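Asker: let me see the structure of the following:
(one chain, ligands or ions: 1)
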Amino acid sequence: MIQFHHVFMTYQNEYRALRDIELEVSRGEFVMVTGPSGAGKSTLVRLITREILATRGQVIVFDQNIAKLKPSQVPFFRRRLGVVFQDFRLLFDRTVAENVALTLHVMGCKGRTITREVAAALDKVGLAKKKNMKPWHLSGGEMQRVVLARAIVHDPPLILADEPTGNLDFATGWEVMQILKQVTETGTTVLCTTHNLNFIQRLKKRTLLLDKGLLLGERHKAHGL
Ligand code: ADP
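Answerer: Below is the predicted model:
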């Protein structure tokens, strides 16, 4: 699903955010990425979404080297991703349902399909009753659940979550993690960054440890933490 071959990322200021990353994530895996602030976690996610291109090495997603995608192919590539950020990025003048529907509008879906899929996604995140509310009436945890619904509504094969619990307290963050975990149970691949070791310890999923741009190691479910 995702492969990194000797990937380096150096920003314009010559800061080497990632160095010689080798990585393979298989279909249906739930992979956590952790490490201190500045370790390169967001950079790793942004390379997979093709927001940025690696300075060296290859990033392969869905069996294609994404650096080689033509600009016209990039939107189609992104439609196969579900993306969750820490800062929500919701439209506050639209209802919960309209925010979730946006993903489907962009894909050209219409009418009843949108209504049905939005209802199903909101149901999965436990927000069916709040579909007509505007985001500012929601708690932080509920807002993040809207973002999750928006990320899963088109049933993408790959979900990328960059510090999705960063603005949430532990209990609310844990609920968000549980929803992400349920998503992998239906075969979706999830890669999720967090600096919160509590989540890592409780989830007991494969975990990549980054520090100063280096992949220091991995811990697998079987090893515990
Ligand atoms: P993390 O998500 O683990 O906190 P980041 O991937 O955001 O780490 O950042 C890794 C390093 O790259 C940091 O030192 C950061 O300052 C630097 N960096 C991130 N984004 C940029 C950018 N757009 N321009 C320059 N340096 C950046």
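Asker: phi and psi next, for residue 85.
Answerer: According to degrees, to the nearest 10, the main-chain angles of residue 85 amount to phi -110, psi 160.
Asker: isn't it right up against residue 164?
Answerer: Yes: under the criterion of Cβ atoms under 8 Å, residue 85 is in contact with residue 164, at a separation of 7.4 Å. All C-beta atoms are positioned from the backbone trio N, CA, C, and that covers glycine.
Asker: which of those two has more neighbours?
Answerer: Looking at residue 85 and residue 164 with other Cβ atoms under 10 Å, you find the greater number of neighbours at residue 164, namely 26 against 17.
Asker: phi, psi of that one?
Answerer: phi -70, psi -20.
Asker: and the nearest residue to it once chain neighbours are set aside, which of the three is it?
Answerer: Closest residue to residue 164 apart from its sequence neighbours, by Cβ to Cβ, 6 or more residues apart in numbering: residue 84 at 4.6 Å. For residue 84, the secondary-structure state derived from DSSP: H, G, I helix; E, B strand; the rest coil is strand.
Asker: partners of residue 84 in the sheet?
Answerer: Residues in a beta bridge with residue 84, per DSSP bridges, are residue 161.
Asker: number of nearby residues for it?
Answerer: The burial count for residue 84: 24, using other Cβ under 10 Å.
Asker: mind checking how far stretch 168-187 is from the chain centre?
Answerer: Relative to its parent chain, stretch 168-187 has a centroid offset of 12 Å by Cα atoms, centre = their mean, to the nearest Å.
Asker: okay, buried residues for that stretch please.
Answerer: 168, 172-177, 179-180, 183-184 (16 or more other Cβ atoms under 10 Å).
Asker: swap in stretch 112-120?
Answerer: The neighbour-count criterion (16+ other Cβ under 10 Å) identifies 114, 117-119 as the buried residues of stretch 112-120.
Asker: same check on stretch 45-58?
Answerer: For stretch 45-58, by 16+ other Cβ under 10 Å, it's 45-50, 52, 54, 57.
Asker: so what's the spatially most central residue of the chain up against?
Answerer: In the chain, the C-alpha nearest the mean C-alpha coordinate belongs to residue 160, at 1.8 Å (Cα atoms, centre = their mean). Under the criterion of Cβ atoms under 8 Å, 6 or more residues apart in numbering, the contact partners of residue 160 comprise 45, 48-49, 81-84, 190-192.
Asker: thanks a lot, catch you later.
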